[in-house]
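S.K.: Pasting the sequence and the predicted model now:
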Amino acid sequence: MSAVNLNIIANLLRKQRRFAFMFPGQGSQHIGMGKEIAENFTDARLVFEEVDEALKYNLSRLMFEGDFNELTLTKNAQPAILANSIATLRVITQEMGLDPSPESGCVCVLGHSLGEFSAMVAAGVIPLSFASKLVRLRGQSMQTAVDNYGQDCTMMALMPISFENASKACEMALDHSSLQHEREVCQIANVNAPKQIVLSGTLSAVDRVVSIAKESFRVKRAVKLDVSAPFHCSIMKDAAVDLEAAIALGLDFVQNPSVPILSNVTALPVLDGHKLMELAVKQVTTTVLWTKCVEAASLDLQTETFVEVGGKVLSGLVPKIRKNVECLSLESFEDIKRLSNSS
């Protein structure tokens with residue numbers, strides 16, 4: 001952690017900065033995630049034990065020392081990332097006294113895709129045990145949806161390209177005679193930054209869009225994502241139905257958040273817990289408007305510092321969206337130890 005980051009922490013501790021917690025989505029999983037903080041902080045260890053108990057499965061063992069391919073399966077990756085994020089947040093609260101509350105200086109929380117469930121747990125909308133079951137089912141249903149679809153599918157990040165040009169490339173590809181079939185899909189899954197777009201859909205359609213993007217819109221990089229299903233597209237519609245049914249069984253758990261949560265679907269702050277659950281269902285098949293979420297946090301809610309909890313990807317994206325804000329990533333045991341020493 002740099003000296004600049006230590007200064008950021010000092011300002012947060014003095015309640016001199018308006019900050020937002022951010023929670024990562026899939027792709028941030030790795031073997032060993034959470035292991036050191038679980039070994040060194042009781043609050044973190046209790047989070048992993050609670051998730052294991054809720055799922056009736058030793059997920060923490062898989063996270064700490066298992067097989068990466070098994071962890072990357074979306075049914076495992078989703079609850080693993082949730083558990084790691086909440087465990088890290090509990091340690092931040094324990095060591096720094098910072099939590100998602102106005103009293104701490106927190107003005108909002110936001111999560112990227114799956115990270116919205118971490119945000120909802122952090123802000124008190126749903127309990128961790130219920131969220132663990134929801135994201136496990138969400139992952140299982142997503143995997144079943146792609147397996148049942150009967151075609152090879154993928155997700156691909158494109159850079160540099162705007163949302164408008166990516167949309168045009170999708171339209172051009174799907175108008176091509178070889179792809180004029182209702183089961184060919186390519187949608188914009190994520191708008192991660194002004195010039196970074198993620199595509200989701202069938203392999204043949206996504207490949208065609210990538211070719212058009214390179215030929216017509218000067219895209220220089222196309223990176224395949226390390227995920228097991230094409231998220232945020234129409235292929236996931238059955239998964240959305242399953243998630244809605246599971247949420248309906250636990251509506252008694254739902255509370256309003258302690259601070260606004262910025263929705264991936266609308267990029268608007270939401271303070272109604274039941275509305276957040278409705279939007280979580282819609283998010284399964286629609287675009288994650290991450291760029292607009294960060295802009296709303298910065299411009300509308302006047303967030304000065306973005307603190308990523310349990311990952312390092314989002315804190316790299318934020319400066320591409322808003323150059324005049326501070327970013328801090330708290331992921332590893334070393335991050336937490338330096339944090340503890342500075343507080």
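M.R.: Perfect, I can see it now.

S.K.: you'd agree residue 295 is in a helix?
M.R.: Yes - with DSSP: H, G, I helix; E, B strand; the rest coil as the criterion, residue 295 is part of a helix.

S.K.: And for it, the neighbour number?
M.R.: Using other Cβ atoms under 10 Å, residue 295 has 16 other residues around it. For glycine as for every other residue, the C-beta is placed from the backbone atoms N, C-alpha and C.

S.K.: now residue 68
M.R.: For residue 68, the neighbour count with other Cβ under 10 Å is 12.

S.K.: and if you look at residue 34?
M.R.: Using other Cβ under 10 Å: residue 34 sits among 27 other residues.

S.K.: Repeat that for the one 3 residues further on.
M.R.: One way to gauge burial is a neighbour count; for residue 37, by other Cβ under 10 Å, it gives 25.

S.K.: before we move on, what SS does it have?
M.R.: Classification of residue 37 using three-state DSSP returns helix.

S.K.: Repeat that for residue 69.
M.R.: helix.

S.K.: From residue 18, how far off is it?
M.R.: Per Cβ to Cβ, to the nearest Å, residue 69 is found 41 Å from residue 18.

S.K.: Compare these two and say which is more crowded by neighbours.
M.R.: residue 18 (18 against 10).

S.K.: does that one really touch residue 105, like I thought?
M.R.: Yes - contact criterion Cβ atoms under 8 Å: residue 18 and residue 105 qualify, at 6.0 Å.

S.K.: can you give me phi and psi for residue 21?
M.R.: phi -90, psi 140 (degrees, to the nearest 10).

S.K.: Surely it and residue 105 touch.
M.R.: No - the criterion here is Cβ under 8 Å, and residue 21 misses it with residue 105 at 10.9 Å.

S.K.: who's more crowded, those two?
M.R.: The neighbour comparison of residue 21 against residue 105 (other Cβ under 10 Å) goes to residue 21, with 28 against 19.

S.K.: just for the chain, where's the confidence low?
M.R.: The model of the chain has pLDDT under 70 over residues 1-16, 176-181, 339-343.

S.K.: and residue 286, helix, strand or coil?
M.R.: Going by three-state DSSP: residue 286 is coil.

S.K.: okay, now it: neighbour count?
M.R.: If we define neighbours as other Cβ under 10 Å, then residue 286 has 20 of them.

S.K.: before we move on, what about residue 249?
M.R.: Neighbours of residue 249 (other Cβ under 10 Å): 11.

S.K.: got it, and residue 71?
M.R.: 18.

S.K.: Likewise for residue 155?
M.R.: By other Cβ under 10 Å, the residues close to residue 155 number 24.

S.K.: Now do the contacts for the nearest residue to it once chain neighbours are set aside.
M.R.: Nearest residue to residue 155, sequence neighbours excluded (Cβ to Cβ, 6 or more residues apart in numbering): residue 225, at 4.2 Å. Shown in contact with residue 225 (Cβ atoms under 8 Å, 6 or more residues apart in numbering): 27, 154, 155, 156, 157, 198.

S.K.: beta partners of the third one?
M.R.: The residues listed as beta-bridge partners of residue 155 by DSSP bridges are residue 200.

S.K.: wait, it sits on residue 230?
M.R.: Yes - using Cβ under 8 Å, residue 155 is in contact with residue 230, at 5.6 Å.

S.K.: Show me whatever sits in contact with both of these two.
M.R.: What both residue 155 and residue 230 touch, as defined by Cβ under 8 Å, 6+ apart, is the set 189, 200.

S.K.: Can you give the domain ranges for this protein?
M.R.: For the chain, the domain assignment from automatic domain parsing gives the residue ranges 3-146+235-342, 149-228.

S.K.: Pick the most deeply packed of those domains.
M.R.: domain 3-146+235-342 (a mean of 20; mean count of other Cβ atoms under 10 Å).
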